[in-house]
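Asks: A structural model of the following input is requested.
(2 chains)
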Number of protein chains: 2
Amino acid sequence: MTHSSRFLSALARQPVDCPPVWLMRQAGRYLPEYRATREQAGSFLQLCKTPELACEVTLQPLRRFDLDAAILFADILLIADAMGLGLQMVETQGPVITQPIRSAKDLANLPHIHPEHDLAYVYQTIRLLRKELPSHIPLIGFAGSPWTVAAYLVEGRGTKEFYALRGLMYGQPDLLHALLHYLTEVTVTYLSAQVKAGAQALMLFDTWGGLLNPVHYLAFSLEYVRQITHALKALYPSLPLILYSKNGAASLEARAGTGVDALGLDWTVDIGHARQRVGQRVALQGNLDPGVLYSSPETLRKEIRAILSSFGPYPGHIFNLGHGIPLDVPPDNIKILVDTVHEG
Amino acid sequence: MTHSSRFLSALARQPVDCPPVWLMRQAGRYLPEYRATREQAGSFLQLCKTPELACEVTLQPLRRFDLDAAILFADILLIADAMGLGLQMVETQGPVITQPIRSAKDLANLPHIHPEHDLAYVYQTIRLLRKELPSHIPLIGFAGSPWTVAAYLVEGRGTKEFYALRGLMYGQPDLLHALLHYLTEVTVTYLSAQVKAGAQALMLFDTWGGLLNPVHYLAFSLEYVRQITHALKALYPSLPLILYSKNGAASLEARAGTGVDALGLDWTVDIGHARQRVGQRVALQGNLDPGVLYSSPETLRKEIRAILSSFGPYPGHIFNLGHGIPLDVPPDNIKILVDTVHEG
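Replies: The predicted model follows:
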């Protein structure tokens, strides 16, 4: 099988003319045109829920930069909104869930949502995007991992420590497993409908996996990622899946064994060492420190080349940041980044 | 050399009758008597600056629990206060520095503080404590690592990403190195005066070392830890030093090579694997997940025994949490923890 897209070829560990590149949060506040559309929508959630505008902000970075993939504009907590848990996006604070899940009663009261109906706007955005995107630019769909979504559902917000979550893990592990099981089922339905609507690759964000020790990581996070991967691969055998984690260096081999096609690395890992550890089992996506985007063009080019050189002349590298684009970096630096990667 | 203290013996990798235990933030808000003394002082900073009250809160947990060491009640940012940078402790937010260091001018304006004079209250607290503490309970002094203190000085507050810091690292590395060099000098003076006043062991908190990739970690954090360690060991050859890091699993061997006597581990590492990696070069301190303190006595005992068993029957284990005691755990669980460790 060959692909007309660099991104899909690299995911399949096939040779490419130059490394593909896309960037987490490439549609975001660092772009003035994003801020204008966000203003027009009225709120972040309304922007997600208005397919025409969500489509527009997804396309904006592709008009400016020679990116090799588009990623659906959405949020990993839209399913919490669909569940009626009172999701709010608070400007300085991030997501807040006004009705967190902390007890068996809270869990029993969770509605069984039907993503195709309750998150219809997501699929409409995907369909619009597939009409707009050129054929060589694949569209990535995504969801949070059950552990990472549960982190917010239990804690009610992003915190440094997530002690409500970690307390529940030790105090009532069965309750947490029941929640994770429920989220796994919802996530499979949510993602497979994204594929039906037109997503050509999927990404799972296991952002908070790094909160766990290796044993708990396997039991509370990776096991559910594995279930989702197997369910989706049974439905769509050639669908590429990417698994992103933060602070997940210790479990690189375990993550490579879940059945996903690629691992997204944060910036704290040397990508060359990571490649030696996982070999050709998976492609690797990453892993420039977004902090470099605040520096000079020279430093930016030097750090990009260091990553390309560390990965080495092997197939299976998708260039990306190690975390999302910060909200206040100069857009010109994104152009330098994309062009430098393509120069190789 | 033999020690009358379990804690010092374990630091020297000598056999002990049972594992010593102390807990990061053992003097803290989870204790009602701490909250009363804090109230009396008026503020957290005033509590640090009033030797009688700082001594009192240091001793409080030792009256309740059979702990094997005391740790000076202070804060890693007291040196920022001594520098006149406008340190404030904001209840819901943590430390805020109203005049962060972001430019060569900011750095040039930093006063050359004299810890023995400007932080005299710290040494007075240590002298009081040494009068009060029984001879078998050593007193631990501490400071932040230059990188971790610089993180707050540059960023102005604790954030999830520390992008001002990481931007400075890429954009003006020489400026950051100059700040780290200055902090290294201050820290050596600050800590050696703690030893002169009576501290019997020292701990360096490199809490934010995990923000860095391995190459930057060596250059911007560990190199300055090494300099501090060598300077202090030259002054006090038998003084034990402990280096704590969060998310530092990747650099365990490098940290063991800095000359410190022990590594403090966070809860995300398997302590048995860590011991295999560093051998007998250093003692290990840690690493119970503070989240366990919210669960039942049975779970707490099970998780404690799992750590003791993972470390195995070797000298050189100081039991501790992988992070500080959360502010709202039941004090009864701390008693169970300490007693369970001593039962072995």
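Asks: Grab the nearest non-local neighbour of A:T58.
Replies: Nearest residue to A:T58, sequence neighbours excluded (CB to CB, 6 or more residues apart in numbering or on different chains): A:F73, at 4.5 Å. From N, CA and C alone the C-beta is placed, and that goes for glycine too.
Asks: How confident was the prediction at that neighbour?
Replies: pLDDT, A:F73: 98.
Asks: Next up, the contacts around it.
Replies: By CB atoms under 8 Å, 6 or more residues apart in numbering or on different chains, A:F73 lies in contact with A:27, A:47-48, A:54-55, A:57-58, A:125.
Asks: For the stretch 151-300 of chain A, what lies in contact range of chain B?
Replies: Within reach of chain B by CB under 8 Å from any CB of the partner chain, the stretch 151-300 of chain A has these residues: A:158, A:160-161, A:163, A:165-167, A:169-171, A:210-215, A:247, A:249-250, A:267-270, A:289-292, A:294-296, A:299.
Asks: switch to 6 Å and redo it
Replies: A:163, A:166-167, A:170-171, A:213-214, A:247, A:249-250, A:267-268, A:270, A:291-292, A:294-295, A:299 (CB under 6 Å from any CB of the partner chain).
Asks: Quick check: the residue nearest to A:T58 vs chain B, distance?
Replies: Distance, A:F73 to chain B, by CB to the nearest CB, to the nearest Å: 21 Å.
Asks: again, but for A:L183
Replies: Applying CB to the nearest CB, the value for A:L183 to chain B is 20 Å.
Asks: nearest residue to that residue other than its sequence neighbours?
Replies: In space, A:L183 is closest to A:P146, 3.9 Å off (CB to CB, 6+ apart).
Asks: Surely the one you found is in contact with A:L180?
Replies: Yes. Judged on CB atoms under 6 Å, A:P146 makes contact with A:L180 at a distance of 4.5 Å.
Asks: So for these two, which sits in the more crowded spot?
Replies: Remark: of A:P146 and A:L180, A:P146 carries more neighbours, 29 against 20, as counted by other CB atoms under 10 Å in any protein chain shown.
Asks: who's in contact with the more buried one?
Replies: A:180, A:183-184, A:224 (CB atoms under 6 Å, 6 or more residues apart in numbering or on different chains).
Asks: out of those residues, who's nearest A:V329?
Replies: Proximity of the contacts of A:P146 to A:V329 was ranked by CB to CB; the top entry is A:L183 with 32.5 Å.
Asks: ok, the closest one touching A:V149?
Replies: Yes. Using CB under 6 Å, A:L183 is in contact with A:V149, at 5.4 Å.
Asks: buried set for stretch A:122-129?
Replies: Within stretch A:122-129, the residues that count as buried by 16 or more other CB atoms under 10 Å in any protein chain shown are A:122-126, A:128-129.
Asks: So which of these belong to helices?
Replies: In helices, defined here by DSSP state H, the members of the buried residues of stretch A:122-129 are A:122-126, A:128-129.
Asks: Make a markdown table out of the residues you listed and add distance to chain B and pLDDT.
Replies: Converted to a markdown table, these look like this (distance: CB to the nearest CB, whole Å; pLDDT from 0 to 100):
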| residue | distance to chain B | pLDDT |
| --- | --- | --- |
| A:V122 | 26 | 98 |
| A:Y123 | 31 | 98 |
| A:Q124 | 32 | 98 |
| A:T125 | 28 | 98 |
| A:I126 | 29 | 98 |
| A:L128 | 32 | 98 |
| A:L129 | 29 | 98 |
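Asks: Specify the residue positioned farthest from the middle of chain A.
Replies: Distance from the centre of chain A peaks at A:K105, with 30.6 Å (CA atoms, centre = their mean).
Asks: Tell me how far the helix or strand hosting that one lies from the chain's centre.
Replies: Using DSSP states H and E, A:K105 maps to helix A:104-108. Computed by CA atoms, centre = their mean, to the nearest Å, the separation of helix A:104-108 from the middle of its chain amounts to 28 Å.
Asks: Same question for stretch A:270-286.
Replies: Distance, centroid of stretch A:270-286 to centroid of chain: 18 Å (CA atoms, centre = their mean).
Asks: Go ahead and name everything in contact with it.
Replies: A:10-11, A:13, A:242, A:252, A:256, A:262-265, A:287, A:307, A:310-311, A:316-318, A:320, A:322, B:214.
Asks: Over to stretch A:270-287 now: how far is its first residue from its last?
Replies: By CA to CA, to the nearest Å, the extent of stretch A:270-287 from end to end equals 8 Å.
Asks: show me where the stretch 1-150 of chain A has strands.
Replies: For the stretch 1-150 of chain A, strands defined by DSSP state E, counting those that start in this stretch occupy the ranges A:70-71, A:87-90, A:94-97, A:139-144.
Asks: Go through those and name the closest to B:H230.
Replies: Of the strands of the stretch 1-150 of chain A, nearest to B:H230 by CB to CB is strand A:94-97, at 41.8 Å.
Asks: The closest one: which residues count as buried?
Replies: Within strand A:94-97, the residues that count as buried by 16+ other CB under 10 Å are A:95-97.
Asks: Just list what that strand packs against, helices and strands only.
Replies: strand A:87-90 (3 or more CB pairs under 6 Å, 6 or more residues apart in numbering or on different chains; DSSP states H and E).
Asks: What strands line up against the strand it packs on, and which way round?
Replies: Take DSSP bridges as the rule and strand A:87-90 pairs in its sheet with strand A:94-97 (antiparallel).
Asks: Run the chain-centre distance for the partner strand.
Replies: In this view, strand A:94-97 has its centroid 18 Å away from the chain centroid, taken as CA atoms, centre = their mean.
Asks: pLDDT weak spots in the stretch 1-150 of chain A?
Replies: Applying pLDDT under 70 to the stretch 1-150 of chain A flags residues A:1-3.
Asks: any idea how far A:A219 lies from chain B?
Replies: 13 Å.
Asks: Quick check: closest non-adjacent residue to A:V154.
Replies: A:L165 (4.5 Å).
Asks: quick one, what contacts that neighbour?
Replies: A:151, A:154-155.
Asks: Reformat these as a markdown table; add distance to A:V338.
Replies: Below are these laid out as a markdown table (distance: CB to CB, whole Å):
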| residue | distance to A:V338 |
| --- | --- |
| A:A151 | 32 |
| A:V154 | 38 |
| A:E155 | 35 |
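Asks: In helices only, show me the residues you listed.
Replies: Using DSSP H, those in helices are A:151, A:154-155.
Asks: which of those has the most neighbours?
Replies: A:A151 leads the ones in helices among the contacts of A:L165 on contacts (other CB under 10 Å) with 24 neighbours.
Asks: Give me the distance between that residue and chain B.
Replies: 12 Å.
Asks: That residue contacts A:W208, correct?
Replies: Yes. Using CB under 6 Å, A:A151 is in contact with A:W208, at 4.4 Å.
Asks: one step back: nearest to chain B among the buried residues of strand A:94-97?
Replies: Using CB to the nearest CB, A:P95 comes nearest to chain B of the buried residues of strand A:94-97, at 12.8 Å.
Asks: got a list of what that closest one touches?
Replies: Here A:P95 is in contact with A:77, A:89, A:152 (CB under 6 Å, 6+ apart).
Asks: Out of those residues, who's the most crowded?
Replies: Neighbour-wise, those (other CB under 10 Å) top out at A:Y152, 27 neighbours.
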